[in-house]
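1. got a sequence here, can you build the structure:
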Amino acid sequence: MTREEELNIIHRITGGESELFETLVLENQTAVYNLALKMTKNEQDALDISQEAFIKAYSNLGGFRGESKFSVWLYRLTYNLCLDFLRKQKRFPVSSITYIDEDGESRDIDIPDIGSSPAEQLEREETRRLIDEAVCLLPDDQRQVFVMREYSGMAYDDIAESLSISIGTVKSRLSRARQKIVRHLLSGGTFFGEYSS
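-> Presented below is the predicted three-dimensional model:
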C-alpha cells in the first residue's frame, strides 16, 4: 500500500468511516506481530502488544501527520511498546507453547529442537541468551536501529525515515551496536579461535 493510499484511508477513517481501520490492520498485522514476537520471544505477549499497538494507533490516528508511511509510524509505536514491556519484565521471557491438557487446564511447555544434540541445543540457547542480553545493554538509539534492521529486516532508508535520521547515522549506529554485541559474545566465551583475538 502506497503512502497516498494510506493517507486516503486515514483521512476517511478520521472523517467517520471507522470500519476502514480494518484495512490498515490487515495490511500491517503480520509485520507488527513478527516484531513483537522477535522482541518478547513469547506468542501471547506478542499478541497482547500487537493488539495494544493497533488500539493505540487508532486512538492517536488524528495526530498522524503523514510525515512517514503509516506502517513505519505503527512499527515505531510497536517497538516502543515492546521496549516498555521488556523494561517492566527486566528480562527476555523464554519462548514456550501454551496448550490445553486433558483436564482442560492451560499449560506451557518448552519445545526442544529435536534436530540437534542436547549439547548443540544448549550452546544455541546460551548464544541466544547472550545476544538478547547484549541487545538489552545497548544504548536506546543503537538498540532501536539494531532491532529494526536485524530482527525485522527493515531497509536502511525505512529506518532512517522512521527515526528522522540520515542513512549514514543508521549505518553508524548499527555498526557500533554490532561491535558491542560481538564484544559481549566474546566476553561470554561464545566464540573462540580467530574471533577471540
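2. could you export the helix or strand hosting Gln144 as CSV, CA atoms only?
-> Element membership for Gln144 (DSSP states H and E) is helix 140-146. Taking Å, rounded to 0.1, in the frame of the first residue of the first chain, the C-alpha atoms of helix 140-146 are listed here in CSV:
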residue,chain,number,x,y,z
ASP,A,140,18.5,3.1,23.2
ASP,A,141,19.5,4.7,19.8
GLN,A,142,21.7,1.7,18.9
ARG,A,143,19.2,-0.9,20.1
GLN,A,144,16.4,0.7,18.2
VAL,A,145,18.4,0.6,14.9
PHE,A,146,19.7,-2.9,15.6
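3. who are the packing partners of that helix?
-> The contact analysis (3 or more CB pairs under 8 Å, 6 or more residues apart in numbering; DSSP states H and E) places helix 140-146 against helix 118-137, helix 156-163, helix 167-187. To be clear about C-beta, it is placed using only N, CA and C from the backbone, and glycine gets the same treatment.
4. what mean pLDDT does that helix get?
-> The predicted model assigns helix 140-146 a mean pLDDT of 87.
5. same check on stretch 11-26?
-> Rounded mean pLDDT across stretch 11-26 is 90.
6. flag every buried residue along it.
-> Buried residues in stretch 11-26, defined by neighbour count with 16 or more other CB atoms under 10 Å: Ile13, Leu20, Phe21, Leu24.
7. isn't the third one right up against Phe64?
-> No: counting by CB atoms under 8 Å, Phe21 stays clear of Phe64, with 11.9 Å between them.
8. quick one: the spatially most central residue of the chain from Val170, how far?
-> The centroid of the chain falls nearest to Leu35 when counting by CA atoms, centre = their mean (3.1 Å). Computed as CB to CB, to the nearest Å, the Leu35 to Val170 distance reads 17 Å.
9. now swap in Gln89 and tell me
-> Remark: distance between Gln89 and Val170 (CB to CB) = 27 Å.
10. counting neighbours, go ahead and name the busier of these two.
-> Just comparing Gln89 and Val170: by other CB atoms under 10 Å the higher neighbour count belongs to Val170, 24 against 12.
11. pLDDT wise, what is that one at?
-> pLDDT for Val170: 92.
12. my guess is it contacts Asp158, does it?
-> No: the criterion here is CB under 8 Å, and Val170 misses it with Asp158 at 9.4 Å.
13. how close does Gln179 get to Met1?
-> 36 Å.
14. pick out whichever of those two has more residues nearby.
-> Ranked by neighbour count (other CB under 10 Å), Gln179 and Met1 place Met1 first, with 14 against 11.
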